[in-house]
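Asker: I would like to see how this sequence folds:
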Amino acid sequence: MDPIGFPFGAGSGLSKSGVRSISTPEGNAPPETTKDTVSRSLREGVGYLTRIQKIGGHWAGKEYLGTSQTAFLILANSYLGIPGKEKENLDAANWLLGKQQPDGSFRDATGRESGALDLTCMAYLALKQAGVDPERVEMKRIRQYVESKGGIEQTNIMTKLILSKFGEYDALRIHMLPPAEIFLLPGTDRLFAKYLSSWTRTAVVPVIAMKEAAVREQADRNRVSEAIHNVWDKVAGRPAEERLKRWLLARQGKGGDWNGSFTITALSLMALKDLGLSTKDTVMQKGIAFLDTLKERGADTVEAKEFESEIWDTSLSVRALLRAGVPASDYRVQKARKFLESNQEREAIGDWTLGAPEAVPGGWPFQVGNSLYPDTDDTAEVVLALEEAGGDRKTTHALHRGIQWLLGMQNNDGGWGAFDRNNGSSLVSWASRKVHNLAGHGPFDTSYLLYDRSSPDVTAHVLEALGKSGFTLKDPPVAKTIEYLKRDQAAFGGWWGRWGVNYVYGTGSVLAALAQVGENMESGYIQKAVQWLESRQNPDGGWGEVMESYSDPSKAGVGPSTPSLTAISVLGLLEAGEVDSPAVKRGIEYLQKTQGKDGSWKDTSVIGVAVGPSLLKAFPSIYIDYGLVPNYVSLLALGAYHRLTRAIDEEKLQIVA
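Answerer: Below is the predicted model of the structure:
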């Protein structure tokens, strides 16, 4: 018998897919209790999750970020001059036109108008490059929308640069980017790894190279300028551009990618072309091949995905199945375990080594093959999955290396960033917070756009993994982390979330982690967080939060309910001891109500954050609609509730006996 009370052995009624057959009761059946309906939801959720497991043992959901990636698909094909891509460009244009809004604009995954001007300009340029007639009614509507919003001058640096590469903007008017000569300074690699986050530097470096090329090309339209440049090149060469090229080449992944990202890879390929590489070069061919792996083709459409998420999706799917009662010995769990173990990064390569040279390599990246960029968030979730799934000697070795890497990546302040250790400037971060507060934007500050500093959500996941591996409050790394979390708690009691929206995501994650390491959940600071979280529950029983909470603290924990944020809230409250609270019961009922007939869940609003809003207008905000997240976190919450309520019932029976 499994831990939650329904058998998965012979005669269990479970098919090989994991779906349990339920016979229709004859006569007058007794009314179902909450526990009965939770059991049914678990069976149906397990059935859905096991049906979509990939043949390799992993899971990979579909993430949607908006129209930007497919626009980049067309622009990269056009700029690189890749032959035979005309049909693909037209199919991508068809997909883009299908996403156009009634007002003529294009939107990100949130569907909000914020940021739509940049996306709309990029879409127009892509459609034009694909050969769409500028006089088509859709193109006219785009131009009308752009004009109504103030035109190209209101777009961010990235948009202006891309427009300039196709002759649609003056590159000399693009500011706020350092010159290529910065790469002539000694120790640039170390400076970038220290003072720029991985997502910032991998985007900024190709952008610097592309701007330099655009400015030079524009200047060389003047014959005198061109002659001066030619003489200078013969005398001194182009040392800054050579350094830029070396930096980019050193950071191409084994699979041909840059940081596992469609957009960053496309930018890097475009930059390398500007730096003199031919598309026939092996480096370029590998990069182009990687882009092809992220294209989803329909009958007459092509859509580009930004990335894959196999490691994250698999680790959490494993945990969800186990929490729902699937035994660790189940072949699907063990197949997934082996998949995770085989994708551990055991080489000390990548920029993370500059900030943590003594850390034992052993992390996991977000997606398969992104060997240069393992991250602490994914590593923590894999450690949790492997601890719960069990295994063999190889599993023990993988867990040891994973834990050692996490410990080696702890920041001096006691928290964890995602990709680097001690990344950023504490002085700039302090100043950013002050400016943010003066602007009325509350405790959250935008320095995280530049830096990969400690964040409560990532720190919570690592702390939970350490607790599952046997670490307690007596261990110095844990004690240091607790102090960090106390310092970073908002005045109202919550914690912000870097990679998920926002205070609901952060607070639920922190509560679960604190319980795992044995913190006293009756402590004042924890009860303050519990009370705040319960106060943010919506009338329908769920939790939600809008993106605006990053800039307006009055919107913290405010927004339409979603299964993901509801499940994360329920998990946090359960770990805080609120098993019998009305808030938890209503949250469980919300999850049951929102489960689809096929056993799945779907978020009605976006909860993933790649790059959030900023006071700076340099790069776009990027939000992510994660396809699988609501499924495994909802199963985790329902499974935890079922186990805890069953344990309470058994305890009561023992007392009565």
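
Asker: can you show me the helices along the stretch 51-200 of the chain?
Answerer: 68-80, 86-98, 116-129, 137-148, 157-165, 188-195, 198-219 (DSSP state H, counting those that start in this stretch).

Asker: residue 285 is nearest to which of those?
Answerer: Closest of the helices of the stretch 51-200 of the chain to residue 285 is helix 68-80, at 10.8 Å (criterion: CB to CB). Just so you know, the C-beta spots here come from the backbone N, C-alpha and C atoms, and that holds for glycine as well.

Asker: so which elements touch the closest one?
Answerer: Packing contacts for helix 68-80, counted by 3 or more CB pairs under 8 Å, 6 or more residues apart in numbering; DSSP states H and E, involve helix 86-98, helix 116-129, helix 262-274, helix 282-293, strand 302-304.

Asker: restrict the second one to CA atoms and write it as CSV.
Answerer: Once side chains and other backbone atoms are set aside, the C-alpha atoms of helix 116-129 remain, and they are given as CSV (Å, rounded to 0.1, in the frame of the first residue of the first chain):
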residue,chain,number,x,y,z
ALA,A,116,4.1,45.9,-26.8
LEU,A,117,5.7,48.7,-28.7
ASP,A,118,9.1,46.9,-28.9
LEU,A,119,7.5,43.6,-29.8
THR,A,120,5.4,45.3,-32.5
CYS,A,121,8.4,47.0,-34.1
MET,A,122,10.3,43.7,-34.1
ALA,A,123,7.3,41.9,-35.6
TYR,A,124,6.9,44.5,-38.3
LEU,A,125,10.6,44.3,-39.3
ALA,A,126,10.4,40.5,-39.4
LEU,A,127,7.3,40.5,-41.5
LYS,A,128,8.9,42.9,-43.9
GLN,A,129,12.0,40.7,-44.1
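
Asker: just checking, what packs against it?
Answerer: Under the contact criterion of 3+ CB pairs under 8 Å, 6+ apart, helix 116-129 touches helix 68-80, helix 86-98, helix 137-148, helix 157-165.

Asker: who wins for proximity to residue 299 among these?
Answerer: helix 86-98 (8.8 Å).

Asker: next, the buried residues of the closest one.
Answerer: 88, 89, 90, 91, 92, 93, 94, 95, 96, 97 (16 or more other CB atoms under 10 Å).

Asker: which one of those sits closest to residue 571?
Answerer: residue 95 (36.6 Å).

Asker: need the pLDDT of the closest one.
Answerer: On pLDDT, residue 95 comes in at 97.

Asker: my guess is residue 603 contacts residue 560. True?
Answerer: No: between residue 603 and residue 560 there is no contact under CB atoms under 8 Å: 9.9 Å.

Asker: ok, residue 381 - contacts?
Answerer: Taking CB atoms under 8 Å, 6 or more residues apart in numbering, we find residue 381 in contact with 312, 315, 316, 319, 461, 465.

Asker: how close does it sit to residue 491?
Answerer: 30 Å (CB to CB, to the nearest Å).

Asker: now residue 526
Answerer: Relative to residue 491, and taking CB to CB, residue 526 is found at 15 Å.

Asker: so between the two, which is more surrounded?
Answerer: Using other CB atoms under 10 Å as the criterion, residue 526 and residue 491 rank with residue 526 on top: 23 against 9.

Asker: in terms of helices and strands, where is the more buried one?
Answerer: Per DSSP states H and E: residue 526 is located in helix 524-535.

Asker: same question for residue 418.
Answerer: Here residue 418 is assigned to no helix or strand, by DSSP H and E.

Asker: contacting residues for the nearest residue to it once chain neighbours are set aside?
Answerer: In this structure, residue 418 finds its nearest non-sequential neighbour in residue 375, 4.6 Å apart by CB to CB, 6 or more residues apart in numbering. The contact partners of residue 375, taken as CB under 8 Å, 6+ apart, are 363, 364, 365, 366, 418, 419.

Asker: correct me, but the last one touches residue 354?
Answerer: No: under the criterion of CB under 8 Å, residue 419 is not in contact with residue 354, lying 11.4 Å apart.

Asker: quick one, which of those two is more surrounded?
Answerer: Ranked by neighbour count (other CB under 10 Å), residue 419 and residue 354 place residue 419 first, with 26 against 17.

Asker: pLDDT weak spots in the protein?
Answerer: Along the chain, the parts satisfying pLDDT under 70 run over 1-35, 114-115, 218-238, 425-449, 613-620, 647-657.

Asker: ranges for the strands of it?
Answerer: Using DSSP state E, the strands of the chain run over 63-64, 295-297, 302-304, 608-611, 622-626.

Asker: mind checking which of these is nearest residue 456?
Answerer: Of all these, strand 608-611 sits nearest to residue 456, with 13.4 Å by CB to CB.

Asker: pull the CA atoms of that closest one into PDB?
Answerer: Taking C-alpha atoms only, strand 608-611 is exported to PDB below (Å, rounded to 0.1, in the frame of the first residue of the first chain):
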ATOM      1  CA  GLY A 608       7.300  33.000 -14.700                       C
ATOM      2  CA  VAL A 609       9.800  35.800 -14.800                       C
ATOM      3  CA  ALA A 610      13.000  35.900 -16.900                       C
ATOM      4  CA  VAL A 611      13.600  39.600 -16.800                       C
END
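
Asker: can you name every helix or strand that that strand contacts?
Answerer: By 3+ CB pairs under 8 Å, 6+ apart, strand 608-611 packs against strand 622-626.

Asker: return the distance of stretch 623-634 from the chain's centre.
Answerer: 10 Å (CA atoms, centre = their mean, to the nearest Å).
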